[in-house]
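Enquirer: Only the shape, not the letters, is given here:
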C-alpha cells in the first residue's frame, strides 16, 4: 500500500520529505528531552532569542524548563569525534514568547546542525540542503545569504564605536537608511564611512553582481575574507546548478554575539515571513568545545500551514497591496501616488469601500486604521504601507523601514504642568497611549515609572492629578499651552514612513522599488 502524501497537511508532508533528504545526506537524527535543566539556559542566555523561559520545579526539586532552543542543547550534548564533524538533524518543538499575542507559543522546527571541523565543503553542503529544503515545499522560494564578517569588518574600518554597533546593525537589518545616517552622525562617523554603511542596503541581488559591487568596499582583511568565503560558496553551488533562487544581500545581518560568518534566511512565495533561518555560530559551539566550528539552520514548520493559499500564476502581473491610513496622511500619500501613475478609477473618498484598485497599474489600496497599518504589513495582508514612526515604533512590527517621506512631521515629547519638578526619589506616574515607547524611553534613563494607559485626552491626566507627566505626540503645542502644560523633553522626531513586508520585498522587489523611487522623487522636491 502506497502512502499518498497529498492527504497530509503541508508541514507534515514536508517534514517527512526533509527527513528523507537529511538521512540520505548522512545526517543523524538528534532527539531532545521535552525538559532541560534551567541552569543551562540561564548560563547561556545571551545565545537565546529571549530570556523569558517557562520553568517549573520537578518532583526531585530540580528547576527545569520547557526548551526554548534546540541548537544550544545540540552544541552541548551532541557526540562529536575528535577532529571530525558531527552532522545532525532534528524535529522538535520549542516554547518562546510571542510579541503579538503576549503569550508563550509552541513552535515546530526542523533543521540541521554541523558541529566540529566545519570546512568549505560542509558549508556548501549545508547551504545546498537549505536550498533543497525550500524547494521541497513546491513553492517559489528565495534563499538570502550574507556574511557577518563583512559587516563587522566594515564597522572596524569606519571606526564605529562598540556601544553603537547594535543600533547600527538594527538599522542595516531594516534597510533603514534615514535612521542609519542619523545614528552615524550622532557618533561622529565620517561622511565616507556613513555612505559605506548605507551602501549595504543596495548590495543585494545575484551573487556575481553583488560580489563585484562589494569588492571596492573591502577595506580590510576581514571584509576580504568574507567576500572570498561567499565567492567560494557560490561557485560551488553554481557548479551544482543551485543558484537560480539564491540571492546575496549584504544587509542581511543578525546578532554579532551569536553569528560570526555566513547568515541564511529563506522565504516562500505567499508566506509573510522567513521560514528558514540560520548561519555560522562558532561563538556558541566554542563554549563547550574550544576551537569548534558550527553551522546550521532551522525550518519553521508552523509557517507552512499557510501554504494552502494559491500562488499567482506564472506570467501574471504582480499586484502591490498598499495599506493606507485613513485620514489626512493617507489622503496626502494617495494624491502623491496618483500623481505618478498609481491612482484608481474609483476615488476611495467617494465610496464606502475599504478596498479600491487599478489592475492596469498593478495597485490595490486598503483603507485601514492608522494603528493597524504595521500589522497588515507585517502579516503580509499588505505588501507595503505608510505609517507614522510613532505607531511603527510602538507596534514593534518586523518590517523594512525603507523611506522617511517627511510627511506628517511632529515629535514625541514628555509634557507636564509648567511648575512640575521631577523628584528622582519617587516613582514617576506617566500617562500615555504609547506604552512601549514610554517604557523604553524611561528604561534608558533607569527611571522608575508607573504607566497609566489612556486612549484619548491624554492632557487631562496631569490636570486631574491622575499622572505627573504625559508622553504624547506634539505638533504645534497649542493644546498643551491652553491647558497650562508645556513640553519638558523632546526625544523622538516623528514622520510618515514607507514600510514593506520582508517576504513581499523578495518576490515583488522590482515593483516595490519602482514605486519607492517615484514616491522619493515627489517627497524630496
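Expert: All right, it came through fine. Since we're looking at a predicted model, the values are computed, not measured. Numbering: from 1, shown residues only.

Enquirer: Surely residue 282 is in contact with residue 260?
Expert: Yes. Because the distance of 5.1 Å satisfies C-beta atoms under 8 Å, residue 282 is recorded as touching residue 260. Just so you know, the C-beta spots here come from the backbone N, C-alpha and C atoms, and that holds for glycine as well.

Enquirer: Among those two, which residue is more densely surrounded?
Expert: residue 260 (21 against 18; other C-beta atoms under 10 Å).

Enquirer: Which pLDDT value belongs to the more buried one?
Expert: Residue-level confidence at residue 260 comes out at 92, pLDDT.

Enquirer: That one: what's it in contact with?
Expert: 148, 149, 280, 281, 282, 283 (C-beta atoms under 8 Å, 6 or more residues apart in numbering).

Enquirer: Sort out for me which of those residues are in strands.
Expert: Among these, DSSP state E puts residue 280 in strands.

Enquirer: Show me which of the contacts of residue 260 is closest to residue 178.
Expert: For those, the residue nearest residue 178 by C-beta to C-beta is residue 148; the value is 23.6 Å.

Enquirer: which ones are touching the residue lying closest to the closest one once chain neighbours are set aside?
Expert: Distances taken as C-beta to C-beta, 6 or more residues apart in numbering place residue 259 nearest to residue 148, at 5.0 Å, with adjacent residues excluded. By C-beta under 8 Å, 6+ apart, the contact list for residue 259 reads 148, 279, 280, 281.

Enquirer: Any quick ChimeraX command for the buried ones out of those?
Expert: The ChimeraX selection below is limited to those of those classed as buried (16 or more other C-beta atoms under 10 Å):
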select :148,279,280,281
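
Enquirer: now, the most widely separated pair of the contacts of residue 259?
Expert: Comparing all pairs in these by C-beta to C-beta, the longest separation belongs to 148 and 281, at 10.1 Å.

Enquirer: returning to what we had before: confirm the residue nearest to residue 148 sits in a strand?
Expert: No. Using DSSP: H, G, I helix; E, B strand; the rest coil, the secondary structure at residue 259 is coil, not a strand.

Enquirer: measure it to residue 464 for me?
Expert: According to C-beta to C-beta, to the nearest Å, residue 259 stands 51 Å off from residue 464.

Enquirer: ok, now residue 51?
Expert: The spacing between residue 51 and residue 464, counted by C-beta to C-beta, is 38 Å.

Enquirer: Give me the more crowded residue out of these two.
Expert: Neighbour count, other C-beta under 10 Å: between residue 51 and residue 464, residue 51 has more, with 11 against 8.

Enquirer: got a pLDDT number for the more buried one?
Expert: Reported pLDDT for residue 51: 81.

Enquirer: That one: what's it in contact with?
Expert: Taking C-beta under 8 Å, 6+ apart, we find residue 51 in contact with residue 45.

Enquirer: Give me the longest helix you can find in the chain.
Expert: As assigned by DSSP state H, the longest helix anywhere in the chain is helix 221-239.

Enquirer: Pull out the buried residues from that one.
Expert: Using 16+ other C-beta under 10 Å as the test for burial, helix 221-239 gives 222, 223, 225, 226, 227, 229, 230, 233, 234, 236, 237.

Enquirer: who's in contact with that helix?
Expert: For helix 221-239, the surrounding residues in contact (C-beta under 8 Å, 6+ apart) are 120, 123-124, 127-128, 131, 145, 147-150, 152-154, 156-157, 207-208, 211, 214-215, 217-218, 243, 246, 248, 261-262.

Enquirer: Run the chain-centre distance for it.
Expert: Put simply, helix 221-239 sits 25 Å off its chain's centre (C-alpha atoms, centre = their mean, to the nearest Å).

Enquirer: And for stretch 80-96?
Expert: Its chain's C-alpha centre and that of stretch 80-96 lie 25 Å apart, by C-alpha atoms, centre = their mean.

Enquirer: re earlier: got the phi and psi for the residue nearest to residue 148?
Expert: Residue 259 adopts backbone torsions of phi -90, psi 140, taken as degrees, to the nearest 10.

Enquirer: picking that back up, with respect to residue 187, which of the contacts of residue 260 is nearest?
Expert: residue 148 (20.6 Å).

Enquirer: ok, residue 279 - contacts?
Expert: Listed by C-beta under 8 Å, 6+ apart, the contact set of residue 279 reads 148, 254, 259, 261, 262, 263, 264, 295, 297.
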